[in-house]
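Asks: Coordinates only, no sequence provided:
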């Protein structure tokens, strides 16, 4: 059937309507140019919603994508839906995945790495938008090993030239606490164990900052430190019914995994808190232990800066006394001090403070305070004879000292002669 108008390509007026797969198209009978096309209601992406799109956006166009690319895009979209990410995150991650598959570096990789590539694109997108997401979370969703995921992530970052900011500790604490079931009332959580999210987050952040200032975070996995800090913060906000709850039960009620080093990080945090408590005058009268010191975490965190500054000055003074000449001579006396005041005047820690654990542990990395056992050194060999400088030098050793070509040629001539 003829239609009015002219073809934009050849200028012919013979335009006809042609049905192509139940889709009405306006075609030029002279050159075959498709002037306009109708709409489809059965599409590849919007099939469930029955929204009309053009043929170029329908199933026919999607079939031009490779099967690997289609599968990867679906994996990226599904991962974004599980993580409840905004739509702009999904678009960015899909674009990264499409760009990565066009690079030769990802053409011959294994199928397992190609499947992890989509997760790496989502991970990079979240980091760039400051969305708190850890590598362990993505690996748990993809059932992948973190070592393999990290290698694919580094390859993606290098090949695409992406700038990925590091996840701050504050973002990690917020992400970790958002998954706690103790923040919302459920049937499995007793009422005394429920806690306000903002209070728990603020107290946990303060304890994590204390751990960072005392070298408990440097060089270690942050999740055990955050878990131990959250446990202490949760106990300190309502110590009455919560002091008898162990760390394992806390993690079980919160619905999070208990990392194995969390017990060690908890013990180190409690040692720091006990040492800080012995420095406060109004807490010296209490016989504090690792359970009762939790009640005073609020006061300790409030005076944290003073206590840490005092610990630094105390450690610096102790080092100066240890290196001072004539320490412990007869002029200073060899007997024990008669009182804490006299001991402090003489520049030595008092016996009362030593018995009460009054000095903070040195503010050094734990690897320096408790070094691991190392291999036993080899038995010393027999002492060599003292060097005089008149020892003969072998020919092979002389060549190490020759530098210029003239010296090398002269040495060869002398050796041949």
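Replies: Arrived safely, thanks for sending. Values in this document were obtained by computation on a predicted structure and should not be read as measured data.

Asks: rest of the way, CA atoms for contacts and neighbours
Replies: Noted.

Asks: for stretch 202-222, how far is the first residue from the last?
Replies: 17 Å (C-alpha to C-alpha, to the nearest Å).

Asks: Now it: average pLDDT?
Replies: The average pLDDT for stretch 202-222 rounds to 87.

Asks: With stretch 117-132 instead?
Replies: 89.

Asks: low pLDDT regions in this structure?
Replies: Along the chain, segments meeting pLDDT under 70 span 1-4, 18-24, 37-65, 311-387, 389, 394-403.

Asks: domains for it, by residue range?
Replies: Structurally, the chain divides into domains by the TED database as follows: 1-53, 68-165, 170-316.

Asks: Of all the ones you listed, which one comes closest to residue 388?
Replies: Taking C-alpha to C-alpha, domain 170-316 is the member of these nearest to residue 388, at 43.8 Å.

Asks: Show me the contact partners of whichever strand or helix holds residue 232.
Replies: Under the criterion DSSP states H and E, the helix or strand holding residue 232 is helix 222-237. The contact list for helix 222-237, computed with C-alpha atoms under 8 Å, 6 or more residues apart in numbering, reads 169, 173, 176-177, 195, 200-201, 203-204, 207-208, 211, 216-217, 242-243, 247, 250, 258-263, 265-266, 269, 294-298.

Asks: so of these, which ones are in helices?
Replies: 169, 173, 176-177, 200-201, 203-204, 207-208, 211, 242, 247, 250, 262-263, 265-266, 269, 297-298 (DSSP state H).

Asks: Now that we have those, which of them are buried?
Replies: Among these, those buried by neighbour count (16 or more other C-alpha atoms under 10 Å) are 169, 173, 176-177, 200-201, 203-204, 207-208, 211, 242, 247, 250, 262-263, 265-266, 269, 297-298.

Asks: got the contact list for residue 36?
Replies: Residue 36 sits in contact with 25, 26, 27, where contact means C-alpha under 8 Å, 6+ apart.

Asks: Go again with 7 Å.
Replies: By C-alpha atoms under 7 Å, 6 or more residues apart in numbering, the contact list for residue 36 reads 25, 26.

Asks: please begin residue numbering at 33 from this point
Replies: Sure, I'll start counting at 33 from here, so that last one is residue 68.

Asks: Spell out the secondary structure type for it.
Replies: Per DSSP: H, G, I helix; E, B strand; the rest coil, the local secondary structure of residue 68 is strand.

Asks: quick one: what helix or strand has residue 149 in it?
Replies: Counting by DSSP H and E, the element that carries residue 149 is helix 143-160.

Asks: Leaving out chain neighbours, which residue sits closest to residue 158?
Replies: Excluding the flanking residues, the one nearest residue 158 by C-alpha to C-alpha, 6 or more residues apart in numbering is residue 165, at 6.6 Å.

Asks: Repeat that for residue 243.
Replies: Ranked by C-alpha to C-alpha, 6+ apart and with sequence neighbours excluded, the top spatial neighbour of residue 243 is residue 249, at 6.2 Å.

Asks: Verify the contact between that neighbour and residue 242 for me.
Replies: No: assessed by C-alpha atoms under 7 Å, residue 249 is found out of contact with residue 242, at 9.6 Å.

Asks: What is the burial count for residue 44?
Replies: Per other C-alpha atoms under 10 Å, the neighbour tally for residue 44 reads 14.

Asks: That one: what's it in contact with?
Replies: Counted by C-alpha under 7 Å, 6+ apart, residue 44 has contacts 38, 62.

Asks: I'd guess it is in a strand, am I close?
Replies: No: under three-state DSSP, residue 44 falls outside any strand and is assigned coil.

Asks: From residue 58, how far out is it?
Replies: Counting by C-alpha to C-alpha, the gap from residue 44 to residue 58 is 13 Å.

Asks: repeat for residue 447
Replies: For residue 447, the distance to residue 58 equals 96 Å [C-alpha to C-alpha].

Asks: Tell me where the protein has strands.
Replies: 34-35, 47-51, 56-60, 66-69 (DSSP state E).

Asks: contacts for stretch 186-202?
Replies: With C-alpha under 7 Å, 6+ apart as the criterion, stretch 186-202 contacts 156, 159, 160, 164, 237.

Asks: The residue nearest to the first one when sequence neighbours are not counted: neighbour count?
Replies: Residue nearest to residue 156 in three dimensions, not counting chain neighbours: residue 196, with 6.5 Å by C-alpha to C-alpha, 6+ apart. The local packing of residue 196 (other C-alpha under 10 Å) involves 15 other residues.

Asks: Against residue 122, how distant is residue 196?
Replies: 17 Å.

Asks: next one: residue 106
Replies: Relative to residue 122, and taking C-alpha to C-alpha, residue 106 is found at 11 Å.
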